[in-house]
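In: Model the structure of this input:
(one chain, ligands or ions: 1)
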Amino acid sequence: MGEFSGQTVFITGAAHGQGRAVALAFAREGANVVAFDVAKQLTYPAYEFGSNAELGSLQAEIAALGAQAVIAVGDVRDDAAITAAVDAGIAAFGRIDVLFNNAGICAYAEIDTMTDEARDAMIDINLKGPMNVARRVVPHLKAANRGVIINNSSVMGLRGGRRLSHYVASKWGLTGLTKAWAIELAPYNIRVVSIHPTGVNTPMNDGLAAMEGATPLEIAERSAGNLLPVPWVEVEDVAQLVLFLASEKARYATGSQFTLDAGLLTV
Ligand SMILES: NC(=O)c1ccc[n+]([C@@H]2O[C@H](COP(=O)([O-])OP(=O)(O)OC[C@H]3O[C@@H](n4cnc5c(N)ncnc54)[C@H](O)[C@@H]3O)[C@@H](O)[C@H]2O)c1
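Out: Now for the predicted structure:
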């Protein structure tokens, strides 16, 4: 029996990176998972998105851990796909306990040369996406009179960033949603928190590096500010924080911002 046995966790952006690590960490603790991912290349940004093969191997790995996964392919901009995924999760497991709003994109652009596509994709995926998903999951949390929503913001949801204004705006927006939803949903015993990692060693970081003609390490060093002598944190560090926040150990944490930044925001 794990800490989350019998519970269901709905995770967006689950195919690879942080979402996948969080899905596996919950499964190790006995939770069933609804793994939602667009699982195809989008036109923006030009880096590697998750794939059907990754979702398939995730489902197998979760099964090997003794838990179950419902795989749901869709875009967080697509209400019909989100609704179908939520319905499939409820049909399979009868409940949703935790929502990890994690799917997101990142790319560099300066404001005077930013394209409509860059601006709109960033806001539509990173900010409207979590709203789209929450509005379909929250009715099930309300009905159960319990639940946890964890929003994956970024250190960029608590500070500025060079050539990242569209990303920074989307992530500050997600910080704001966290506070507003915490107020709105507290009467239903639903907690809402956000996490704020520094650079994380994921395909996103690799993709940003490739677009910049740099190595992942060079990209990490360019945006450096970590106090601890590490270029980035690992996905397992994020997973452990998310597990803690979803657990009863964090039962009175709501509306709060949890940094995982190797000290970056200290100075
Ligand atoms: N990597 C970092 O340095 C870092 C740091 C802080 C915060 N974050 C945030 O953490 C989250 C996860 O980042 P990551 O590093 O794991 O990224 P990643 O690019 O490695 O993985 C993101 C996953 O989300 C999926 N996805 C992207 N757009 C989607 C959409 N429109 N609909 C459904 N699925 C979609 C992708 O297919 C992919 O599987 C993002 O919100 C990101 O902004 C990342």
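
In: Can you list the residue ranges for helices in this structure?
Out: Ranges of helices within the chain are 17-28, 52-64, 79-93, 116-123, 129-144, 165-185, 203-212, 216-222, 235-246, based on DSSP state H.

In: Lowest mean pLDDT across those helices, which one is that?
Out: Lowest mean pLDDT within those: helix 216-222, a mean of 89.

In: Can you name the residues of the stretch 51-200 of the chain that neighbour the ligand?
Out: Contact residues, the stretch 51-200 of the chain versus the ligand (Cβ under 6 Å from any ligand atom): 75-77, 102-106, 125, 152, 154, 197, 199-200. Where you see a C-beta, it was placed from the backbone N, CA and C, and this is true even at glycine.

In: Without its sequence neighbours, what residue ends up closest to G50?
Out: Nearest residue to G50, sequence neighbours excluded (Cβ to Cβ, 6 or more residues apart in numbering): A15, at 2.5 Å.

In: now swap in G207 and tell me
Out: Y47 (2.4 Å).

In: Could you give the number of residues near the one you found?
Out: 19 (other Cβ atoms under 10 Å).

In: what's the longest strand along the chain in contact with?
Out: Looking across the chain with DSSP state E, the single longest strand is strand 190-197. The contact list for strand 190-197 (Cβ atoms under 8 Å, 6 or more residues apart in numbering) reads 18, 138, 141-142, 146-155, 157-158, 174-175, 178, 181-182, 185, 233, 237-238, 241-242, 245, 250-251, 253-261, 265.

In: I would like a PyMOL command selecting only the buried ones among those, please.
Out: Per 16 or more other Cβ atoms under 10 Å, the buried members of the contacts of strand 190-197 correspond to this PyMOL selection:
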select buried, resi 18+138+141+147+148+149+150+151+152+153+154+155+157+158+174+175+178+181+182+185+233+237+238+241+242+245+250+253+254+255+256+257+258+259+260+261
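
In: Name the residue of the stretch 101-250 of the chain that lies nearest to the ligand.
Out: Nearest residue of the stretch 101-250 of the chain to the ligand: G104, at 2.2 Å (Cβ to the nearest ligand atom).

In: picking up where we left off before, what's the neighbour count on the residue nearest to G50?
Out: Around A15 there are 28 other residues, counting by other Cβ under 10 Å.

In: In this structure it contacts L58, no?
Out: Yes. Using Cβ atoms under 8 Å, A15 is in contact with L58, at 6.7 Å.

In: which neighbours do these two share?
Out: What both A15 and L58 touch, as defined by Cβ under 8 Å, 6+ apart, is the set A35.

In: Centroid-wise, who is the farthest residue in the protein?
Out: Ranked by distance from the centre of the chain (Cα atoms, centre = their mean), the top residue is D112, with 28.9 Å.

In: Once you drop chain neighbours, what's closest to the residue of the stretch 101-250 of the chain closest to the ligand?
Out: In space, and not counting its chain neighbours, G104 is closest to N126: 4.7 Å by Cβ to Cβ, 6+ apart.

In: Give the full set of residues in contact with the one you found.
Out: G104, I105, Y167, S170, K171, G173, L174.

In: Thank you kindly, that will do.
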